[in-house]
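Visitor: Sequence and predicted model, in that order:
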Amino acid sequence: MIQVLHISAECYPAAKTGGLGDVVGSLPKYMTNAGVLSAAVIPKYSLKWINGREWTTVYHGAVRSDWRTIHFSVQQETTGALGFPFFVVDIPGLYDRPGIYNDPSGWPYGDEVERYLVFQQAVLQWLVSFPEADRPRVLHCHDHHTGLIPFMVQFAPEFKALSGTATVFTIHNGQYQGAFSWRNHNLLPYYYASARGFLEWNGAVNPMAAAVKCAWAVTTVSQSYLFELHQNSLGLEPLFRTEWHKQHGIINGIDAHVWDPETDTALHARLEGRSPEQIAEFKWKNKRVLCEWFGLREDQPLISFIGRMVGEKGSDLLPDAYKSYIHAGGSGSFLVLGTGETWTENQFKEMAWNYRGRVNAVIDYNEALAHQIYAGSDFLIMPSRVEPCGLNQMYAMRYGTIPIVRSIGGLKDTVPDIAEPDGTGRGIRFDHFSLDDIGYAIHRGASMWHNEPGIIAMLRARIMSIDFSWDNAVQHYFYVYRNIGARIEAVKKETPPISMPAKTKPKKKAK
């Protein structure tokens, strides 16, 4: 029996745009490995990985959406390739498109409200069809795309059979709350009129606010980010402060099997041992190939940025920061990988031309190249305005690359500064989102690389030994589940079952 069902818009490798996909692609696997069979369900997009798999239909149903009846099916991936039961909800006309949130030209889909409302209702309708003893004990909802599920199971009569099922809501990014106008009210399932206030926030329906009010527990992906939401959450500050008693900050983990420098097939050279000499050779071989590919100098520190070029990641500060540093005579080469805002992309393209030999940029989403950059860089820079947890700094440290980060959210929790007196330093931190602070942080790193090779070697060995796997985080989640009364039990089995109840008959169409 599946004990925990993760409900999300993304799950790596099926569908991913950022950290949400990584988390939902890893957390169920590690929970299952710990003996608590967990599964994930996402919409069925028309994406390469999804289209290349075989699927078995386990349920057919239909959802009322305003005046329309929308038919759907729930399908299970047949091979169990992800290490846990993985399901998609096939909703023709709403999700069979070549993009998760945007079309190929980058424009967001205009029917987002209906898409996610239908998806959430379809998942719940499927779960209601289970025999009561076979239903999951925890519905773990991720971000605003699934934020109305805790409300629906309490206040929508159609899903009342699930009202005793524990709901947990994880906030991966509080900047995106999914709020929509009451003009879309007819897209909602029927619900008790007295519950309208649970949907309302600032004159609109706000799925994130509804989830914070209705979920049995609320988690964020780092302790510091939880505190930050109490101070700045785009108008939800009083709500977070009121509901503080059910909130938990749990740092994300990373998939230590995917991110393993000893076995990573994406790397030019893999790690062959943990001695200082072997680590140095690993770093040098991978840096050399990067410098050959991108025309950069091996005798200077290589500082890289990997990620989305959007305001919250602070990437718009980097072009001016790099120019100021280079013109001031600073030592270092800069490599950028990512996509995002056109203005920032063009800035990096222009710099790659004007500062050849010092700066290069790959405007692309390239998972394999990202692995190589983590392995071959000396430093990874993350100047984020907002960073709920951050995974890139953990990937970087796993590969011996020293993080340069702003003191915010999960970056603050995972990267103590090297100047900390207790000797726990893992990288370089700066406090203010400014050219002065980021320039000085880069200078600190470059000076240490040139003048203190012993410290660099020591720091590489230290950060590569840190356990960033999901094992610890999983136990924290289990504590949260049990704390709210969910009866989850670890079952010791070598191969957890992934079969589902027999295919159920379609429900009658809503009148």
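Guide: That came through fine. Not measured: the values here are computed from a predicted model.
Visitor: what comes up buried for stretch 419-439?
Guide: By neighbour count on 16 or more other C-beta atoms under 10 Å, the buried set for stretch 419-439 is Gly425, Arg426, Gly427, Ile428, Arg429, Phe430, Asp437, Ile438, Gly439. The C-beta positions use only the backbone N, C-alpha and C, and glycine is treated the same way.
Visitor: and the nearest residue to the fourth one once chain neighbours are set aside, what does it touch?
Guide: Distance criterion C-beta to C-beta, 6 or more residues apart in numbering; nearest residue to Ile428, sequence neighbours excluded, is Ile404 at 4.6 Å. When the contact criterion is C-beta atoms under 8 Å, 6 or more residues apart in numbering, the partners of Ile404 are Ile303, Phe379, Leu380, Ile381, Met382, Gly427, Ile428, Arg429, Phe430, Ala441, Ile442, Gly445.
Visitor: just checking, what's the longest helix in the chain?
Guide: As assigned by DSSP state H, the longest helix anywhere in the chain is helix 276-294.
Visitor: what's the next secondary structure element after it?
Guide: Note on helix 276-294: by DSSP states H and E, the next helix or strand toward the C-terminus is strand 302-306.
Visitor: Mean confidence (pLDDT) on the next helix or strand after that following strand, please.
Guide: Next along the chain after strand 302-306, taking DSSP H and E as the criterion, comes helix 318-327. Averaged across helix 318-327, pLDDT comes to 97.
Visitor: related to what we said a few turns ago, out of the contacts of Ile404, which is nearest to Val24?
Guide: Nearest to Val24 among the contacts of Ile404, counting by C-beta to C-beta, is Met382 at 21.7 Å.
Visitor: how close does that closest one get to Ser434?
Guide: Look at Met382 and Ser434: by C-beta to C-beta, to the nearest Å, they are 15 Å apart.
Visitor: Secondary structure element holding Trp126?
Guide: helix 112-128.
Visitor: May I see the buried residues of that helix?
Guide: For helix 112-128, burial by neighbour count (16+ other C-beta under 10 Å) applies to 113-128.
Visitor: picking up where we left off before, list the ones among the buried residues of stretch 419-439 that fall in helices.
Guide: Asp437, Ile438, Gly439.
Visitor: Next, count neighbours for Ala375.
Guide: 28 (other C-beta atoms under 10 Å).
Visitor: mind listing the strands in the stretch 51-200 of the chain by residue range?
Guide: Counting by DSSP state E, counting those that start in this stretch, the stretch 51-200 of the chain has strands at residues 55-65, 68-77, 86-90, 138-142, 166-171, 200-201.
Visitor: Val41 is in contact with Val74, correct?
Guide: Yes. Using C-beta atoms under 8 Å, Val74 is in contact with Val41, at 7.4 Å.
Visitor: what residue ranges in the stretch 151-300 of the chain score low on pLDDT?
Guide: For the stretch 151-300 of the chain, no stretch is flagged by pLDDT under 70.
Visitor: Look up how far Asn202 lies from the closest residue to Met208 other than its chain neighbours.
Guide: Closest residue in space to Met208, ignoring its immediate chain neighbours: Gln177 at 3.9 Å, by C-beta to C-beta, 6+ apart. For Gln177, the distance to Asn202 equals 10 Å [C-beta to C-beta].
Visitor: Could you do Asp437 as well?
Guide: As judged by C-beta to C-beta, Asp437 and Asn202 stand 34 Å apart.
Visitor: hmm, back to that, overlap in contacts of Val74 and Val41?
Guide: Common neighbours of Val74 and Val41 (C-beta under 8 Å, 6+ apart) are Phe87, Val88, Val89, Val123.
Visitor: List the contacts of the residue lying closest to Leu139 once chain neighbours are set aside.
Guide: Spatial nearest neighbour of Leu139, excluding adjacent residues (C-beta to C-beta, 6+ apart): Thr167 at 5.0 Å. Shown in contact with Thr167 (C-beta under 8 Å, 6+ apart): Val138, Leu139, His140, Cys141, Ile149, Pro150, Val153, Cys214, Ala215, Trp216, Ala217.
Visitor: Buried members of those into PyMOL, please.
Guide: Buried subset of the contacts of Thr167, written as a PyMOL selection, criterion 16+ other C-beta under 10 Å:
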select buried, resi 138+139+140+141+149+150+153+214+215+216+217
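Visitor: tell me which of the contacts of Thr167 is nearest to Ser324?
Guide: Scanning these for proximity to Ser324, where the rule is C-beta to C-beta, the winner is Cys141, at 43.5 Å.
Visitor: My read is that the closest one contacts Ile171, right?
Guide: No. Applying C-beta under 8 Å as the test, Cys141 and Ile171 come out as separate, 10.1 Å apart.
Visitor: What residues sit buried inside the helix or strand encompassing Val480?
Guide: Assigned by DSSP H and E, Val480 falls within helix 470-483. Across helix 470-483, burial judged by 16+ other C-beta under 10 Å covers Trp470, Ala473, Val474, Tyr477, Phe478, Val480, Tyr481.
Visitor: Contacts for stretch 187-195, please.
Guide: Taking C-beta under 8 Å, 6+ apart as the rule, stretch 187-195 contacts 64-66, 113-114, 117, 121, 148, 151-152, 154-159, 199, 205.
Visitor: Among those, name the buried ones.
Guide: 64-65, 113-114, 117, 121, 148, 151-152, 154-156, 158-159, 199, 205.
Visitor: Name the nearest of the residues you listed relative to Gly235.
Guide: Distance to Gly235 across those (C-beta to C-beta) is lowest for Val205, with 14.0 Å.
Visitor: domains of the protein?
Guide: 4-43+120-253+469-483, 276-464 (automatic domain parsing).
Visitor: and Pro43, what does it touch?
Guide: Pro43 makes contacts with Ala9, Ala15, Val88, Val89, Ile91, Leu94, Tyr95, Arg115, Phe119, as judged by C-beta under 8 Å, 6+ apart.
Visitor: between those, which is nearest Val258?
Guide: Comparing those against Val258 with C-beta to C-beta picks out Ala15 as the nearest, at 16.2 Å.
Visitor: So what sits opposite the closest one in the bridge?
Guide: Cys11 (DSSP bridges).
Visitor: surely it meets Lys48?
Guide: No. Ala15 is not in contact with Lys48 according to C-beta under 8 Å; the separation is 10.1 Å.
Visitor: Which residues are in contact with the closest residue to Gly35 other than its chain neighbours?
Guide: Closest residue to Gly35 apart from its sequence neighbours, by C-beta to C-beta, 6+ apart: Ala490 at 3.3 Å. Listed by C-beta under 8 Å, 6+ apart, the contact partners of Ala490 are Ala34, Gly35, Val36.
Visitor: In three-state terms, label Ala490 for me.
Guide: What DSSP: H, G, I helix; E, B strand; the rest coil gives for Ala490 is coil.
Visitor: How is Ala486 assigned, secondary-structure-wise?
Guide: Assignment for Ala486 (three-state DSSP): coil.
Visitor: Grab the nearest non-local neighbour of it.
Guide: Ala166 (4.0 Å).
Visitor: What about that neighbour, how many residues nearby?
Guide: What Ala166 shows, counting by other C-beta under 10 Å, is a neighbour count of 24.
Visitor: Please point out which parts of stretch 256-272 sit buried.
Guide: Going by neighbour count (16+ other C-beta under 10 Å), the buried part of stretch 256-272 is Ala256, Val258, Trp259, Pro261, Asp264, Leu267, His268, Ala269, Arg270, Leu271.
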